[in-house]
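Colleague: Sequence first, then the predicted structure:
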Amino acid sequence: MEDYPCDVIRNFSIIAHIDHGKSTLADRLLEVIPLFLKNVSMTKKEQQLTGTINKKVSGGKNEQVLDKLKVERERGITAQTARYAIANFVHPNIRELMFISMIHKFNGKDYLLNLIDTPGHVDFAWEVSRSLAACQGAVLLVDASQGVQAQSISVFHNAKERGLKIIPVLNKIDLPASQPERIAAQMQSTFGIDPSEILHISAKTGKGVDAVLAAIIDRIPPPVASADSPLKAFLFDSMYDKYRGVISLVSVQGGVLRKGDKIASCYTRKKYEITELGIMYPEEIPTKSLNPGQVGYIACNMKQSSEAHIGDTIHRVGETVEPMAGFQPTKAMVFAGVYPIDNSDFPKLEESINRLTLTDRSVTVQRESSSALGQGCRLGFLGTLHMDVFRQRLEDEYDANVIITAPTVPYKLIYKDKEVLISNPTDFPDVGDMGVRVKEVQEPVVKASIIVPEEYFGDMMELCYSHRGEDLEHRYLDSGTTSARIMLNCILPLSEIVTDFFDQLKSRSSGFASFDYEDAGYRSSDLAKMVFLLNGKPVDALALIVHRSAQDAIGRQWVKKLHKVIPKQLFEVPIQAAVGKKVIARETLKAMRADVTAGLYGGHYERKMKHLENQKEGKRKMKKMGTVDLPQEAFFEILSNKK
Ligand SMILES: Nc1nc2c(ncn2[C@@H]2O[C@H](COP(=O)(O)OP(=O)(O)OP(=O)(O)O)[C@@H](O)[C@H]2O)c(=O)[nH]1
């Protein structure tokens with residue numbers, strides 16, 4: 001690593017709206033990594049792009065990585081697709097590898113380029129800022145056919161605020177629908193970018209990608225760090241390895257990190273010894289040192305993920321350094337209860353959740369119990385996509401069969417002498433307490449921006465108003481052209497966008513609208529707890545917090561839904577929605593008719609036994625709601641939020 005002093009290092013990320021080609025461009029850039037190409041048959045174009053194969057990576061090192069690749073192959077990824085798999089590593093949902101180093105020869109000199117991942121989705125905005133903290137520049141990718149979208153703007157501002165050098169790039173110029181000149185003008189009016197600075201590329205065909213590499217080297221400043229100053233490393237991410245414990249990703253701001261170094265955390269004051277360190281090339285490659293300006297991973301026998309505090313400053317034991325400004329900790333904004341289908345599975349579920357949170361620290365976990373669903377956990381997520389990803393991982397990796405309650409946001413209750421945040425509807429005060437014990441209820445709101453072609457503007461306004469949008473304002477992104485784009489900003493309650501907002505946004509704009517939001521604090525709101533009663537008994541797992549203006553409509557809609565999915569019982573079951581003592585909607589589930597299948601089995605003993613077995617299995621999967629039996633499918637359907 002001594003061969004790569006600060007002046008040949010570039011730390012950068014690619015920032016873009018979803019689907020503008022971040023992974024494809026990362027993939028193209030990664031083709032400069034020689035070790036993969038050695039074993040992979042290259043197209044002529046690829047050979048041209050990567051004509052600068054680095055001699056340093058040969059022999060031992062090369063084999064080591066190829067060894068790892070064999071593992072990949074055993075897992076079913078071929079060498080050819082391995083390259084594409086790497087690009088997938090920089091995908092937000094597979095958040096195990098946060099950066100990749102590559103070596104590129106430019107003007108006769110070897111450069112160490114570190115591509116640091118920034119997740120694309122709004123849920124992960126916090127992670128975008130922490131990744132950007134380790135960079136000096138960013139490639140801002142905009143789709144030349146779609147133009148500037150909501151997230152292009154938020155990621156641009158995020159990078160700008162951190163003082164990063166931005167390389168504007170128009171992608172997908174190979175598409176017939178691309179309008180590079182028009183979109184360049186849009187970038188000029190939105191970001192104040194000089195069109196002559198914008199690179200025109202196709203990440204798909206590779207056209208112009210070499211110019212991106214050149215611009216990364218040319219325009220992004222190298223990190224500023226000195227080998228002589230005391231050791232100072234910025235911890236920007238961590239992952240968990242079964243054998244080595246916590247692996248932290250660090251960016252060295254000063255001094256040199258070596259194996260065997262005794263280090264300490266400014267945040268926890270705990271001390272460690274470095275057992276291994278290295279770079280991601282693209283898999284972990286141990287090195288002797290990490291020099292100033294470099295980013296790399298360190299293993300130091302850290303046992304608990306919580307010890308790796310994101311934004312922490314690492315220093316050498318015995319030296320004192322000024323800690324760097326860290327980050328605000330993640331805030332869970334969407335909560336849901338997770339319960340096993342079978343109550344006896346709770347310990348297994350809890351263990352799976354705990355294991356998963358080792359790799360995804362932004363999830364918060366708290367035990368809770370429900371009279372309807374038994375023992376479970378209340379999990380907090382950064383957003384609904386985050387929740388879906390976590391649920392998917394829980395189901396895929398741990399084979400967990402779970403029931404997830406409807407998502408809710410954290411509400412703030414203002415008492416005379418204290419403020420309390422609640423994340424479970426059952427904890428919400430009754431209507432009678434409002435204005436008496438509880439002075440005020442506040443809900444989280446967000447500043448939303450929607451970018452949409454002019455013709456859908458009316459629909460979008462309506463969508464915002466129907467979701468309690470306030471302070472609507474709009475402006476044109478490009479004027480005087482046909483189908484101009486409009487940016488609409490408004491304040492929306494977070495609870496309104498955790499349910500069906502995205503789906504409606506997409507369908508009402510024929511998929512043309514893009515959406516982004518940022519935290520805008522709390523606002524006072526007229527909210528109430530709605531409970532559902534089956535046969536007169538409230539079902540706690542179904543409780544909801546609703547805005548008073550919408551309570552009647554929501555009550556009716558849910559009662560109808562429950563009526564549709566709950567199977568008939570032996571007796572008549574009233575299904576009611578109530579706010580406080582007032583019932584606002586009701587349906588009646590008629591009683592089942594007498595069992596007409598009795599005696600159908602005739603003398604077939606085996607068939608009868610089989611039927612009884614099936615019934616037993618069915619019973620096991622039933623959830624008892626007071627006196628009403630609810631099959632698990634009904635529960636899924638109720639909570640899946642589909643109308
Ligand atoms: N025609 C064309 N298609 C492209 C180009 N670059 C990317 N695409 C396609 O655009 C789609 C999205 O590309 P991705 O690279 O997955 O986009 P992304 O920004 O990484 O998306 P997320 O990971 O979801 O944020 C894919 O179908 C790509 O094949 C390009 O230069 N030309």
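Modeller: Yep, it's here. Keep in mind that this is a model prediction, so the values were computed, not measured. Numbering: from 1, shown residues only.

Colleague: Tell me if I'm right that His200 and Leu170 touch.
Modeller: Yes. Using C-beta atoms under 8 Å, His200 is in contact with Leu170, at 5.0 Å. (Each C-beta comes from the backbone N, C-alpha and C, glycine too.)

Colleague: neighbour count winner among the two?
Modeller: For His200 versus Leu170, neighbours defined as other C-beta atoms under 10 Å are more numerous around Leu170 (27 against 18).

Colleague: now Ala144: how far from Ile298?
Modeller: Distance, Ala144 to Ile298, by C-beta to C-beta, to the nearest Å: 40 Å.

Colleague: what sits in contact with each of His200 and Leu170?
Modeller: Common contact partners of His200 and Leu170 (C-beta atoms under 8 Å, 6 or more residues apart in numbering): Ala144, Pro180.

Colleague: For the stretch 1-150 of the chain, which residues are neighbours of the ligand?
Modeller: Ala16, Ile18, Asp19, His20, Gly21, Lys22, Ser23, Thr24, His91, Gly120 (C-beta under 6 Å from any ligand atom).

Colleague: where does the second one land on pLDDT?
Modeller: Right, the one you point to is Ile18. As predicted, Ile18 sits at a pLDDT of 79.

Colleague: Quick check: the gap between Val435 and Thr426.
Modeller: Quick fix: residue 435 reads Gly, not Val. 21 Å.

Colleague: With neighbour numbers in mind, choose between the two.
Modeller: Under the neighbour definition other C-beta under 10 Å, Gly435 and Thr426 were set side by side, and Thr426 has more, 17 against 10.

Colleague: Tally up the residues packed near the closest residue to the ligand within the stretch 251-400 of the chain, please.
Modeller: Taking C-beta to the nearest ligand atom as the measure, the point where the stretch 251-400 of the chain comes nearest the ligand is Leu385, at 10.7 Å. Residues lying near Leu385 (other C-beta under 10 Å) number 18.

Colleague: sec struct for Met187, please.
Modeller: Under DSSP: H, G, I helix; E, B strand; the rest coil, Met187 falls in the helix class.

Colleague: these two touch, right, it and Ile193?
Modeller: Yes. Using C-beta under 8 Å, Met187 and Ile193 qualify as a contacting pair, with a distance of 4.9 Å.

Colleague: Might you enumerate the residues of this protein proximal to the ligand?
Modeller: Residues of the chain lying close to the ligand by C-beta under 6 Å from any ligand atom are 16, 18-24, 91, 120, 171-172, 174-175, 202-204.

Colleague: Could you tell me which of these belong to strands?
Modeller: Members of the residues of the chain next to the ligand lying in strands (criterion: DSSP state E): Ala16, Asn171.

Colleague: can you map out the helices along the stretch 101-250 of the chain?
Modeller: For the stretch 101-250 of the chain, helices defined by DSSP state H, counting those that start in this stretch occupy the ranges 125-132, 150-161, 180-191, 209-219.

Colleague: most neighbours per residue, which of the ones you listed?
Modeller: By mean neighbour count, with neighbours taken as mean count of other C-beta atoms under 10 Å, helix 125-132 ranks first of the helices of the stretch 101-250 of the chain at a mean of 22.

Colleague: Give me the next element, helix or strand, following the longest strand anywhere in the chain.
Modeller: Taking DSSP E as the criterion, the chain has its longest strand at strand 438-453. Counting by DSSP states H and E, the element after strand 438-453 in chain order, helix or strand, is helix 457-466.

Colleague: Can you name the next helix or strand after that following helix?
Modeller: Using DSSP H and E, the next helix or strand after helix 457-466 towards the C-terminus is strand 470-476.

Colleague: follow-up on the earlier one: who wins for neighbours among the residues of the stretch 1-150 of the chain next to the ligand?
Modeller: Within those, most neighbours by other C-beta under 10 Å means His20, with 29 neighbours.

Colleague: That one and Asn171 touch, don't they?
Modeller: Yes. The criterion here is C-beta under 8 Å, and His20 meets it with Asn171 at 6.1 Å.

Colleague: who touches both of those two?
Modeller: Leu141, Val142, Asp143.

Colleague: Now the first one: closest residue in space that isn't a chain neighbour?
Modeller: Put plainly, it is Leu141. Spatial nearest neighbour of Leu141, excluding adjacent residues (C-beta to C-beta, 6 or more residues apart in numbering): Ala16 at 3.8 Å.

Colleague: In contact with the residue nearest to Phe191 when sequence neighbours are not counted, which residues are there?
Modeller: Among residues not flanking Phe191 along the chain, Phe156 sits closest, at 5.6 Å (C-beta to C-beta, 6+ apart). Listed by C-beta under 8 Å, 6+ apart, the contact partners of Phe156 are Ile15, Leu140, Ile166, Phe191.

Colleague: Report the beta-bridge partners for the third one.
Modeller: On the basis of DSSP bridges, Ile166 is bridged to Ala138.

Colleague: Check the gap between it and Gln366 for me.
Modeller: Going from Ile166 to Gln366 by C-beta to C-beta gives 40 Å.

Colleague: which residue sits closest to His309 in space, ignoring its chain neighbours?
Modeller: Using C-beta to C-beta, 6+ apart, the closest residue to His309 is Tyr267 (4.4 Å).

Colleague: cool, and Ala177?
Modeller: Nearest non-adjacent residue to Ala177, counting by C-beta to C-beta, 6+ apart: Ser145, 4.3 Å away.

Colleague: Met102: neighbour count?
Modeller: 21.

Colleague: pretty sure it contacts Glu31?
Modeller: No. With contacts counted by C-beta under 8 Å, Met102 stays clear of Glu31, the gap being 9.1 Å.

Colleague: show me the residues around Lys232 that make contact.
Modeller: By C-beta under 8 Å, 6+ apart, Lys232 lies in contact with Val252, Gln253, Gly254, Gly255, Thr313, Ile314, His315, Val321, Met324.

Colleague: Sorry, slip of the keys, the one I care about is Gln136.
Modeller: Applying C-beta under 8 Å, 6+ apart to Gln136 gives the contacts Arg10, Asn11, Phe12, Leu164, Lys165, Ile220, Pro221, Pro222, Pro223.

Colleague: So Gly380 is in contact with Ile353, correct?
Modeller: No. Counting by C-beta under 8 Å, Gly380 sits too far from Ile353 to count as a contact (11.9 Å).
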